[in-house]
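**Student:** Here is the input, now give the coordinates:
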Amino acid sequence: MRSRRRTPYFLTFIIAWICFGIVGFLAGYYLHPLFNSDTPEIAIDENEKLPYNDYLHLDEYKENTESEPSDTPVTSYEDSIGTDTKVVFRTLFTSCQSIRDDVIEPLEEIIGLKEGGFRSFAEANFTDWQIVRFSKDEVILFRRKEQICPNHFFVSEQDGFIAIFRFNEAGERILIEKTSLPISVLPAIDQEKLKRGILLNTRDEVNSLLEDYSS
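**Tutor:** Prediction:
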């Protein structure tokens, strides 16, 4: 009686290895995303999105900043005169090149006025003045006067004697003192100076000049 042949061991091993390889290939194809043709969808959590809400009002912010530039001039049409606003009337006296500031409290009629309204008021009430500054803190009106200001003393001669004068608001000379010093005793150059007049700033300067002439 003939015995049946057994399958060689190496053939069994080859078959098992081939089967294992096929199973591994199929498992990898269906489980690994690199072998799939469709792009996987990735869910994004709402909290992980870019902070787009921070930019929703950017246009509104730009409009506000552009309408109010950083280089706004000191004179601003938004300013208005208040009870604490300083109103300055500044006069340049061209004959002596002196500047005088007269500061007043704002009139009741101008409180609350903005620049346009105040300009209209000034044109009607301060015809000789020009507005050179307008703000809520200070308003300056300016004018020139072709005369000597009242702050000076004027030493000249009257009836042959040294005399001391001041000036009024109209620029007219007002005699305040006539000395007993005749100009005839002075050198010719000093007599000419006195006839033209000598402008001095203080009473001390006047007294010093008189002492020189009397010595």
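
**Student:** To what extent is Asn125 buried, counted in neighbours?
**Tutor:** Neighbour count of Asn125, defined by other Cβ atoms under 10 Å: 11. Where C-beta positions appear, they are placed from N, C-alpha and C, glycine not excepted.

**Student:** Got the phi and psi for it?
**Tutor:** For Asn125, the backbone dihedrals (degrees, to the nearest 10) come out as phi -120, psi -20.

**Student:** Can you name the secondary structure element that comes next after the helix or strand of the chain with the lowest mean pLDDT?
**Tutor:** The weakest-scoring helix or strand in the chain, judged by mean pLDDT, DSSP states H and E, is helix 58-67 (a mean of 37). Using DSSP states H and E, the helix or strand that follows helix 58-67 in sequence is strand 86-93.

**Student:** what does that next one rub up against?
**Tutor:** For strand 86-93, contacts defined as Cβ atoms under 8 Å, 6 or more residues apart in numbering pick out 81, 98-107, 110, 129, 132, 137-145, 147-149.

**Student:** So what are the sheet partners of the helix or strand following it and their directions?
**Tutor:** Following strand 86-93 in sequence order, the next helix or strand is strand 98-104 (DSSP H and E). When sheet partners are counted by DSSP bridges, strand 98-104 sits next to strand 86-93 (antiparallel).

**Student:** Check which residues of the strand it pairs with are buried.
**Tutor:** By 16 or more other Cβ atoms under 10 Å, the buried positions in strand 86-93 come out as 87, 89-91, 93.

**Student:** just stretch 196-213 next, same as before
**Tutor:** In terms of neighbour count (16+ other Cβ under 10 Å), stretch 196-213 has its buried residues at 199-200, 206, 209-210, 213.

**Student:** need those residues in JSON lines with pLDDT and distance to Gly116, can you?
**Tutor:** Below are these laid out as JSON lines (pLDDT from 0 to 100; distance: Cβ to Cβ, whole Å):
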{"residue": "Leu199", "pLDDT": "94", "distance to Gly116": "41"}
{"residue": "Leu200", "pLDDT": "95", "distance to Gly116": "44"}
{"residue": "Val206", "pLDDT": "96", "distance to Gly116": "48"}
{"residue": "Leu209", "pLDDT": "95", "distance to Gly116": "51"}
{"residue": "Leu210", "pLDDT": "95", "distance to Gly116": "54"}
{"residue": "Tyr213", "pLDDT": "93", "distance to Gly116": "57"}
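
**Student:** quick one, the host helix or strand of Gly117 and strand 86-93 angle?
**Tutor:** Using DSSP H and E, Gly117 sits in helix 115-125. Calculated by axes from the mean of the first three to the mean of the last three Cα atoms, to 10 degrees, helix 115-125 forms an angle of 50 degrees with strand 86-93.

**Student:** what's in contact with helix 115-125?
**Tutor:** 75, 77, 79, 81, 109-110, 113, 129, 131, 134, 139, 141.

**Student:** Report the buried members of the residues you listed.
**Tutor:** For the contacts of helix 115-125, buried by 16+ other Cβ under 10 Å: 79, 81, 110, 113, 129, 131, 134, 139, 141.

**Student:** Confirm the last one sits in a helix?
**Tutor:** When you say that, I think you mean Leu141. No. Looking at Leu141 with DSSP: H, G, I helix; E, B strand; the rest coil, it is strand, so not inside a helix.
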